[in-house]
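Peer 1: dropping a prediction and its sequence here:
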Amino acid sequence: MLTEQNNPLSQQLDQLSPLELVDLFNQEDSRTLDAIAAAREPLALAIEQTATALRQGGRLFYIGAGTSGRLGVLDAAECPPTFCTPPELVQGILAGGAAALIKSSEGLEDNPEDGENAIAHRHITVQDVVVGITAGGTTPYVHGALKAAKARGATTIFIACVPADQVTAPADIDIRLIVGPEILAGSTRLKAGTVTKMALNILSTGVMVQLGKVYGNRMVDVSVTNIKLRDRALRMICDLTELDRGAAATLLDASGQQVKVALLMHWRNWDQATAAAHLTRCQGQLRQALNTPNAEP
């Protein structure tokens, strides 16, 4: 497999100085950008189909083992604070469960039945999207999960860092992130891990943009759960409305700590209940809510 091959540029890795090591990593990591560019069309299709599924009540699942699985869990965990999504909307499934997040359990990736059981346990349906992540493309746990998800009618997406002629995938959307052999042969937590994280960032953020979680380039559905996030919410309101910080704080509190509702209250001169109800009718899309004419309280 491509991910297991030796990299000719790092044959003398153990003889490099620290500065030479950094330069080589920088040179090799630049290949991740080309890999994302080459996968732009399947990534865009994955965003489109996932957003459609979530609008219709579906869920997004990442499933993997080792580094690939941990990256899926990380991306899923970051969605609720960033986009105020319920925890069940985007979920990460890791071979070995929560314990494998902090202690390597690589042997658990070899059983396809465990992947099938993970799909059954979460009651995957035709409405859901399942993303199988495996850098080397061969992980039996992931292939078992995708096979089970496909049998249930779910939309399936395959993410791997090997070309399709080395490993085929039983998935609706096939995303190949080709970064070449690792500096440390076979250590796919390096370039393969980096490019996978990039792809997941693009996928989840793109989906949330499609779902109306973003206005302009602002995360207007941010979950205001700590001092930093409240400060971010207040800065967004100040920037978008030209209110001073005190007035923005009053507006945010009146909105129930919901930035989109606060903005709609200010721009339409509505109370919280009216703004929230109108936003719901517009499926959470703030721009649509603003552009909808004659939306009476």
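Peer 2: Everything's here; your move. Residues are numbered from 1 along each chain as shown.
Peer 1: and the helices in the stretch 51-200 of the chain?
Peer 2: Assigned by DSSP state H, counting those that start in this stretch, the stretch 51-200 of the chain shows helices spanning 66-83, 112-121, 140-151, 191-210.
Peer 1: who wins for proximity to residue 245 among these?
Peer 2: Residue 245 lies closest, by Cβ to Cβ, to one member of those: helix 66-83, at 22.2 Å. For the C-beta atoms, the positions are set from N, CA and C on the backbone; glycine is no exception.
Peer 1: run a quick neighbour tally on residue 249.
Peer 2: 16 (other Cβ atoms under 10 Å).
Peer 1: for residue 264, same thing?
Peer 2: Around residue 264 there are 24 residues (other Cβ under 10 Å).
Peer 1: which element, helix or strand, includes it?
Peer 2: Assigned by DSSP states H and E, residue 264 belongs to helix 259-268.
Peer 1: measure residue 86 to residue 206 for me?
Peer 2: 19 Å (Cβ to Cβ, to the nearest Å).
Peer 1: for those two, indicate the residue with more neighbours.
Peer 2: Just comparing residue 86 and residue 206: by other Cβ under 10 Å the higher neighbour count belongs to residue 206, 18 against 9.
Peer 1: give the contact list for the nearest residue to that one once chain neighbours are set aside.
Peer 2: Ranked by Cβ to Cβ, 6 or more residues apart in numbering and with sequence neighbours excluded, the top spatial neighbour of residue 206 is residue 47, at 3.8 Å. Neighbouring residues of residue 47 by Cβ atoms under 8 Å, 6 or more residues apart in numbering: 202-203, 206-207, 210.
Peer 1: checking my notes, residue 47 in a helix, right?
Peer 2: Yes. Judged by DSSP: H, G, I helix; E, B strand; the rest coil, residue 47 forms part of a helix.
Peer 1: low-confidence stretches in this structure?
Peer 2: Residues of the chain meeting the criterion pLDDT under 70: 105-107, 293-297.
Peer 1: quick one: residues contacting the residue nearest the centre of the chain.
Peer 2: Centroid check for the chain by Cα atoms, centre = their mean gives residue 204 as the closest residue, at 3.2 Å. Listed by Cβ under 8 Å, 6+ apart, the contact partners of residue 204 are 60, 75-76, 78-79, 90.
Peer 1: try residue 50
Peer 2: So residue 50 contacts 60, 129, 155, 157, 203, 207 (Cβ under 8 Å, 6+ apart).
Peer 1: just checking, the first one touches residue 91?
Peer 2: Yes. A contact is recorded between residue 60 and residue 91 when judged using Cβ atoms under 8 Å, the distance being 7.3 Å.
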